[in-house]
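Trainee: generate a structure from the sequence data that follows.
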Amino acid sequence: MSKRGRPRKGDGGVYPRGDSQFWQVWYRDQKGEIQRESTGKTDRQEAERFLRDRLAARDEGRLSTVLNSKQLTFNQWADWFMERRSKPPFRSEGNHQQNVNALKFLRPVFGESALSDLTAEAIEDYLAKRLQDRRRVRTKFGVQPRGTIKPATVHQEFRILSHMLNVAVKQKRLADNPCRAVEFPVSVSKSTRKPHYMTATEQAKIEFAASSYLRNVVVILSETGLRYKKELLPMKKEQVDLDNWVVHTADSKTTNGIGDMPLTSAARGAFQRQMEEAKGGEYLFPGFKKKSRKPYMTNLLKGWAATLKRAGVPYFTLYEVRHTFATRLSAGGVADHMVTQMLRQGDAEVFKLYSQAKLGMMREALAKLDREANERPSNFRTEAVQ
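Mentor: Just a heads-up that it's a prediction; the model follows:
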């Protein structure tokens with residue numbers, strides 16, 4: 001007999017239990033300790049397959065992860081995720097609110113299920129059902145059903161679920177993400193409205209119908225491509241250097257957005273006009289209400305929609321003026337990689353190494369900005385070769 005006692009008869013086995021219809025299994029974990037659990041199977045062959053999966057997970061070092069996912073419910077994991085990975089500084093307030101909205105529909109379906117019980121088939125069933133649901137709109141008469149939910153809305157819920165389970169895999173609470181085996185049943189690109197590119201004529205109409213501050217916003221966004229919610233509206237006057245024709249973005253959606261941006265003459269003029277109008281405060285766009293939560297404007301939706309209506313221009317989001325900026329640069333002959341830099345969406349570390357050279361290149365690129373891009377059909381078709 002060895003020092004450790006009697007030799008082991010095996011690594012595991014399947015056996016019935018009198019008070020249950022399901023087969024039970026026992027097996028030894030990495031430490032040699034015996035684990036017992038129900039297979040949830042009534043067929044012996046399926047129970048033996050369950051045992052082989054547990055032994056394979058043990059041999060591959062995944063057994064602790066598999067057991068953790070069996071003991072952890074989706075609701076418990078969602079609570080951890082919302083507290084530790086959804087709020088700032090990990091994600092913005094806007095992304096956190098999107099996660100909150102998505103979980104209103106995910107929790108009732110998957111909430112009480114163990115993470116290990118989430119399968120690709122269950123997720124596909126959820127997507128199919130959600131795509132058939134109708135929108136619920138709150139009105140003065142109560143909640144009213146409207147048209148079918150847009151595929152983009154369901155795809156966002158699917159994307160958030162996939163992200164949550166990816167974090168669970170990294171935290172070793174789940175062996176694999178079942179969303180990887182799911183194919184979204186509808187083409188999102190065909191159901192999503194394409195960005196609107198503001199023409200020079202539309203811009204002139206909008207500026208004529210807009211209030212002074214909103215007119216300055218439109219000019220600045222179309223000439224610099226700033227993100228208006230995160231970069232422009234919270235901007236302080238000290239961040240604008242009119243003498244050197246540069247504006248500094250101190251905070252952005254990503255680290256790549258933080259830095260200096262050169263100004264065109266039109267953008268400089270708009271900044272100067274706004275600084276003269278916003279007297280007596282440190283913010284470029286001070287809020288209208290003294291008791292508001294933030295001392296600067298945070299939302300331009302109502303004013304923007306009203307301005308488009310007065311101008312007789314079909315509605316498009318204010319953020320799409322950023323797309324207009326990129327389109328005009330491309331139409332002016334600026335290289336794609338330079339447009340990416342102007343939008344501040346590339347490698348932030350490389351940009352920091354060449355910050356001085358980047359400013360010079362940006363000034364040259366801005367000189368090529370074509371404000372008539374969308375009104376020149378020849379820019380968007382290939383001329384016949386003579």
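
Trainee: from here on, contacts and neighbour counts on C-alpha atoms
Mentor: OK.

Trainee: looks to me like residue 291 is in a helix.
Mentor: No. Under DSSP: H, G, I helix; E, B strand; the rest coil, residue 291 sits outside any helix and is assigned coil.

Trainee: what number of residues lie near it?
Mentor: Residue neighbour count, defined by other C-alpha atoms under 10 Å, stands at 8 for residue 291.

Trainee: can you check residue 218 too?
Mentor: Using other C-alpha under 10 Å as the criterion, the residues surrounding residue 218 number 21.

Trainee: just residue 136 next, same as before
Mentor: Applying other C-alpha under 10 Å, we find 14 residues neighbouring residue 136.

Trainee: name the SS class of it, please.
Mentor: Classification of residue 136 using three-state DSSP returns strand.

Trainee: give the closest residue to it in space, chain neighbours not counted.
Mentor: With C-alpha to C-alpha, 6 or more residues apart in numbering as the criterion, residue 136 has its nearest non-adjacent residue at 4.6 Å, and that residue is residue 145.

Trainee: for the one you found, what is the enclosing helix or strand?
Mentor: Taking DSSP states H and E as the criterion, residue 145 maps to strand 142-148.

Trainee: send me the next helix or strand after that strand as PDB with only the CA atoms.
Mentor: Proceeding N to C from strand 142-148, the next assigned helix or strand is helix 151-170, under DSSP H and E. Once non-C-alpha atoms are left out, helix 151-170 reads as follows in PDB (Å, rounded to 0.1, in the frame of the first residue of the first chain):
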ATOM      1  CA  PRO A 151     -32.800  45.300 -36.300                       C
ATOM      2  CA  ALA A 152     -30.100  47.800 -35.300                       C
ATOM      3  CA  THR A 153     -31.800  48.000 -31.800                       C
ATOM      4  CA  VAL A 154     -31.700  44.200 -31.400                       C
ATOM      5  CA  HIS A 155     -28.200  44.000 -32.700                       C
ATOM      6  CA  GLN A 156     -27.100  46.400 -30.000                       C
ATOM      7  CA  GLU A 157     -28.600  44.200 -27.400                       C
ATOM      8  CA  PHE A 158     -26.700  41.200 -28.900                       C
ATOM      9  CA  ARG A 159     -23.500  43.200 -29.000                       C
ATOM     10  CA  ILE A 160     -23.800  44.200 -25.300                       C
ATOM     11  CA  LEU A 161     -24.600  40.500 -24.400                       C
ATOM     12  CA  SER A 162     -21.500  39.400 -26.300                       C
ATOM     13  CA  HIS A 163     -19.400  41.900 -24.600                       C
ATOM     14  CA  MET A 164     -20.600  40.900 -21.100                       C
ATOM     15  CA  LEU A 165     -19.800  37.300 -21.800                       C
ATOM     16  CA  ASN A 166     -16.400  38.100 -23.200                       C
ATOM     17  CA  VAL A 167     -15.600  39.800 -19.900                       C
ATOM     18  CA  ALA A 168     -16.800  36.700 -18.100                       C
ATOM     19  CA  VAL A 169     -14.400  34.600 -20.200                       C
ATOM     20  CA  LYS A 170     -11.500  36.900 -19.300                       C
END
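
Trainee: buried set for helix 151-170?
Mentor: By neighbour count on 16 or more other C-alpha atoms under 10 Å, the buried set for helix 151-170 is 151-152, 154-155, 157-158, 160-162, 164-169.

Trainee: what separates residue 210 from residue 306, distance-wise?
Mentor: Using C-alpha to C-alpha, to the nearest Å, residue 210 is found at 9 Å from residue 306.

Trainee: just give me the closest of the buried residues of helix 151-170 to residue 324.
Mentor: Ranked by distance to residue 324 (C-alpha to C-alpha), those are led by residue 152 at 22.6 Å.

Trainee: show me which pair in the buried residues of helix 151-170 is furthest apart.
Mentor: Spatial extent of these (C-alpha to C-alpha) is set by the pair 151 and 169 at 26.7 Å.
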